[in-house]
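> Model the structure of this input:
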Amino acid sequence: MKQNIKIIPEKNKMKNLYLIGGTMGVGKTAVCQRLKSKLNNSVFLDGDWCWDAHPFQVTEETKQMVMQNICFLLDQFIHCSVYDNIIFCWVMHEQSIIDTIIKNIDSAKCDIRLISLMCSSETLRARLESDIENGIRAADVVERSIKRLPLYAELDTYKLNTDDVSIDCIADIIIETSVGTGKKEIGNNSN
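Presented below is the predicted three-dimensional model:
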């Protein structure tokens, strides 16, 4: 006889919130998709999905709207009882972007993992040129993305170099680094 098993969520259970930043082409989306497949009860949100418009316009109004959209969606995942692991990626090249997200979500019951994916300019150029050849990106992205690389060294995040490291290995490092820390936030590993 088949039994119906009802899972009762723990009201006070901490969620794991992964905020993963990096410049365009560093591997954020691929790593986050892999994390989603490796972590139980996980959901993935790419910040670019909240700003996929034609024509793409950066104004104060659109920036505010996108930030509100991101925070709203993250809150929905945080409050949903079926998700334990919430994975978010976006360029997040300024500390103020990260701080604004954390300030505007209900993070009281979240262990927050702040991670910046990094790589050398040579690796980044090769990855982006491959994307351009495959029609995934426009040619103007290379110099814009390389110019942003140094900004990530200044952020209060855990830095993870993706040069010559497989997506699978990067996801494993993020999981291993996050397990058992007991910290509200995992941030700068350069101190």
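> Please count neighbours and contacts with C-alpha atoms only from this point.
OK.
> could you pull out the helices for this protein?
For the chain, helices defined by DSSP state H occupy the ranges 28-38, 60-79, 95-103, 121-133, 141-148, 167-178.
> Can you tell me which of those has the worst average pLDDT?
Among the helices of the chain, helix 167-178 has the lowest mean pLDDT, at a mean of 93.
> Return the residues in contact with Ser121.
If you count contacts by Cα atoms under 8 Å, 6 or more residues apart in numbering, Ser121 has them with Ile146, Leu149.
> distance of it from Glu143?
Computed as Cα to Cα, to the nearest Å, the Ser121 to Glu143 distance reads 10 Å.
> Please apply the same query to Glu176.
From Glu176 across to Glu143, the span is 33 Å (Cα to Cα).
> Kindly report the same for Ile20.
Going from Ile20 to Glu143 by Cα to Cα gives 22 Å.
> Those two: who's more crowded?
Ile20 (26 against 13; other Cα atoms under 10 Å).
> Verify the contact between the more buried one and Ile97 for me.
No: look at Ile20 against Ile97 with Cα atoms under 8 Å: they stay out of range, at 12.0 Å.
> CA atoms only: put the longest strand along the chain into PDB for me.
Using DSSP state E to define each element, the chain has its longest strand at strand 110-118. Extracted C-alpha coordinates of strand 110-118, given in PDB (Å, rounded to 0.1, in the frame of the first residue of the first chain):
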ATOM      1  CA  CYS A 110      19.500  33.200   5.000                       C
ATOM      2  CA  ASP A 111      23.200  32.200   5.100                       C
ATOM      3  CA  ILE A 112      24.500  34.500   2.400                       C
ATOM      4  CA  ARG A 113      27.500  33.400   0.200                       C
ATOM      5  CA  LEU A 114      29.100  36.400  -1.600                       C
ATOM      6  CA  ILE A 115      31.200  35.100  -4.400                       C
ATOM      7  CA  SER A 116      33.100  36.800  -7.300                       C
ATOM      8  CA  LEU A 117      34.200  34.600 -10.200                       C
ATOM      9  CA  MET A 118      37.500  35.900 -11.600                       C
END
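> Next, the angle helix 60-79 makes with it.
130 degrees (axes from the mean of the first three to the mean of the last three Cα atoms, to 10 degrees).
> That'll do, ta.
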